[in-house]
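Q: Sequence and predicted structure, then a few things I'm wondering about:
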Amino acid sequence: MAQTFTFELVSPEKVLLSGEAEQVQLPGAEGDMTILPGHSPLISTLRPGVIDVVFAGSKSRVFVRQAFAQVEPDRLTVLAEKAYDVAELNASAISAELTAAETELSQAKTDEQRLVANQAIAALSGLKA
Amino acid sequence: MPSLKDLRNRIASVKATRKITKAMQMVAAAKLRRAQEAATAARPYAERMDGVLAALNQRASREGASPLLVGTGRDQTHLLIVLTAERGLCGGFNSNIAKLARADAQKLLAAGKTVKILTVGRKGADNLRRDLGRNIIERLDLRGVRQIGFSNAEDVANKVLAMFEAGEFDVATLYFSEFKSVIAQKPTALQLIPAKLPETTDAAPAGTGQSVVDYEPDEDAILGYLLTRNVSTQIFRGLLENAASEQGARMSAMDSATRNAGEMINKLTVKYNRQRQANITKELIEIISGAEAL
């Protein structure tokens, strides 16, 4: 049996996902990364994008925005302000998010905001296809 | 002396009132449970956030840190964010929050500071309008919001942050009612900007305490990002605590109202029976003395 670690996805309103995961792929601010059990401690902000969780026996894909991850050797916590299960996302929900991201882009004042909005649009377009 | 008919009407109306307050109490009890669940569900996020912030706070450099943490260096203009309910009939809930905010506002005004007030919830604005009406710069209300979501808090937070960036205030304080228990709610003032971060002791939980943590991007960038998010998290917490407190306060207010109505009905019923007996006796005396006179 593969080693596992505790994975938790928490939104401000409630704990969305929690369980023993074998590996988790995160869209880190400075590049995608895959977290395996025993990873060294790390705190990173996340780009808007999809988190791939491999639980023992099942998989989950979640789209997150405005999130950051806290990695400890035996646990991974992702705090996301917005999170949607990819399996439950339908075309209209994606379009709605896409429109929101585009408005954000047009209203963005700083390069950073523009970057974040662009990343969101890229990730969402990828999902739509 | 009220007539028998008046008394009967009085009793009927108090009975109707008692039914209403009883129903309100039960509705509040059901809503309280839901509000408490929401508050409990929101706790993990806030706790994790606090933990990371506290850890970062120790490591990040002080110079050049975000003004959200160290302040603008002045404390001339204060923003009071007053969270209250949309509806009344909940005992001293709204007025207690308003009282605390008012006391602080007056203290600040007396010290020559500028005070700006942002109210969330209709009752707070109503309550502060009379003496501090000039200081209220904006009122938001959450009417029609059945269950408070994070987006509600975000709306408020975005407004506050935009004002802060525009340099419209130096210090922001959040006023809400902390939910202690069903019968105890404590009006609380929480300094939002500059942020008061929880202090970590060096005896942090074993295992995480000594490990070296990598930060991506660097500490300061993450701290800056998290401080912005922290504002909405704190406001969200305030809103949820408030929602639970409101229902708790309403429940106990309605409970005592129901009890008072019951007591009143008893008193009125006794009075009604005495009066009826007195009328019967009077009529009998009249008949008897009429018969004797013949």
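A: Yep, it's here.
Q: So what's the residue count around residue 47?
A: Going with chain A. Other residues lying near A:Arg47 total 22 when counted by other C-beta atoms under 10 Å in any protein chain shown. For the C-beta atoms, the positions are set from N, CA and C on the backbone; glycine is no exception.
Q: switch to chain B, that's the one I care about
A: For B:Glu47, the neighbour count with other C-beta under 10 Å is 12.
Q: for A:Ala123, same thing?
A: 21.
Q: Pretty sure it sits in a helix.
A: Yes. Using DSSP: H, G, I helix; E, B strand; the rest coil, the secondary structure at A:Ala123 is a helix.
Q: In the chain, what residue spans correspond to strands?
A: No chain in the question, so chain A it is. Using DSSP state E, the strands found in chain A span residues A:5-10, A:15-28, A:31-35, A:42-46, A:49-55, A:59-72, A:75-85.
Q: oops, chain B please
A: So, for chain B - with DSSP E - the strands run B:77-83, B:114-120, B:136-140, B:171-179, B:185-193, B:214-216.
Q: Go ahead and measure how far the fifth one is from the middle of the chain.
A: Per C-alpha atoms, centre = their mean, to the nearest Å, the displacement of strand B:185-193 from the mean C-alpha position of its chain is 10 Å.
Q: Packing partners of that strand?
A: helix B:93-110, helix B:150-165, strand B:171-179, helix B:219-293 (3 or more C-beta pairs under 8 Å, 6 or more residues apart in numbering or on different chains; DSSP states H and E).
Q: angle of the second one against strand A:75-85?
A: Looking back up the chat, that one is helix B:150-165. Put simply, helix B:150-165 runs at 100 degrees to strand A:75-85, going by axes from the mean of the first three to the mean of the last three C-alpha atoms, to 10 degrees.
Q: mean confidence for helix B:150-165?
A: Average pLDDT, helix B:150-165: 89.
Q: got it, and the shortest one?
A: With pLDDT averaged residue by residue, strand B:171-179 scores 92.
Q: Take the helices and strands packed on strand B:185-193 and write them to a markdown table, including distance to chain A and mean neighbour count.
A: As requested, the helices and strands packed on strand B:185-193 are arranged in a markdown table below (distance: least, C-beta to the nearest C-beta, whole Å; neighbours: other C-beta atoms under 10 Å in any protein chain shown):
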| stretch | distance to chain A | mean neighbour count |
| --- | --- | --- |
| helix B:93-110 | 22 | 19 |
| helix B:150-165 | 4 | 18 |
| strand B:171-179 | 16 | 23 |
| helix B:219-293 | 6 | 17 |
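Q: could I get these as TSV with distance to B:Val82?
A: Formatted as TSV, the helices and strands packed on strand B:185-193 follow (distance: least, C-beta to C-beta, whole Å):
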stretch	distance to B:Val82
helix B:93-110	5
helix B:150-165	11
strand B:171-179	5
helix B:219-293	10
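Q: hmm, back to that, indicate which one of the strands of chain A is closest to chain B.
A: Chain B sits nearest to strand A:42-46 of all the strands of chain A, at 3.8 Å, using C-beta to the nearest C-beta.
Q: elements contacting that closest one?
A: Judged by 3+ C-beta pairs under 8 Å, 6+ apart, the packing partners of strand A:42-46 are strand A:15-28, strand A:59-72, helix B:4-59, strand B:214-216, helix B:219-293.
Q: 7 Å - rerun?
A: Judged by 3 or more C-beta pairs under 7 Å, 6 or more residues apart in numbering or on different chains; DSSP states H and E, strand A:42-46 is in contact with strand A:15-28, strand A:59-72, strand B:214-216, helix B:219-293.
Q: Which of those has the lowest mean pLDDT?
A: For those, the weakest mean pLDDT is recorded on strand B:214-216, namely a mean of 78.
Q: ok so, going back, mind giving me CSV with the strands of chain A and columns for mean neighbour count?
A: Shown next, in CSV, are these (neighbours: other C-beta atoms under 10 Å in any protein chain shown):
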stretch, mean neighbour count
strand A:5-10, 21
strand A:15-28, 19
strand A:31-35, 15
strand A:42-46, 21
strand A:49-55, 20
strand A:59-72, 21
strand A:75-85, 21
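Q: Identify the residues contacting B:Gly91.
A: B:Gly91 makes contact with B:Ala249, B:Ser252, B:Ala253 under the criterion C-beta atoms under 7 Å, 6 or more residues apart in numbering or on different chains.
Q: How about the last one: what's its closest non-neighbour residue?
A: Okay, so that is B:Ala253. Take B:Ala253 and drop its neighbours on the chain: the residue closest to it by C-beta to C-beta, 6 or more residues apart in numbering or on different chains is B:Gly91, 3.5 Å away.
Q: measure the one you found to B:Lys282 for me?
A: Noted for B:Gly91: a distance of 45 Å to B:Lys282, by C-beta to C-beta, to the nearest Å.
Q: sorry, back to before: nearest to A:Gly19 among the strands of chain B would be which one?
A: With respect to A:Gly19, and counting by C-beta to C-beta, the nearest of these is strand B:214-216 at 24.6 Å.
Q: contact partners of the least confident helix or strand in chain A by mean pLDDT?
A: Between all helices and strands in chain A, the lowest mean by mean pLDDT, DSSP states H and E belongs to helix A:111-128, at a mean of 73. Applying C-beta under 7 Å, 6+ apart, the contact partners of helix A:111-128 are A:47-50, A:63, A:65, A:86, A:89, A:91, A:94, A:97-98, A:101-102, A:104-105, A:108.
Q: Which of those residues are buried, as a ChimeraX select command?
A: Entered in ChimeraX, the line below selects the buried ones among the contacts of helix A:111-128, by 16 or more other C-beta atoms under 10 Å in any protein chain shown:
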select /A:47,48,49,50,63,65,89,94,97,98,101,104,105
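Q: So which of the contacts of helix A:111-128 are in helices?
A: If you go by DSSP state H, the contacts of helix A:111-128 have A:Ala91, A:Ile94, A:Glu97, A:Leu98, A:Ala101, A:Glu102, A:Glu104, A:Leu105 in helices.
Q: Within reach of chain B, which of those are there?
A: Taking C-beta under 7 Å from any C-beta of the partner chain as the test, chain B is in contact with none of those.
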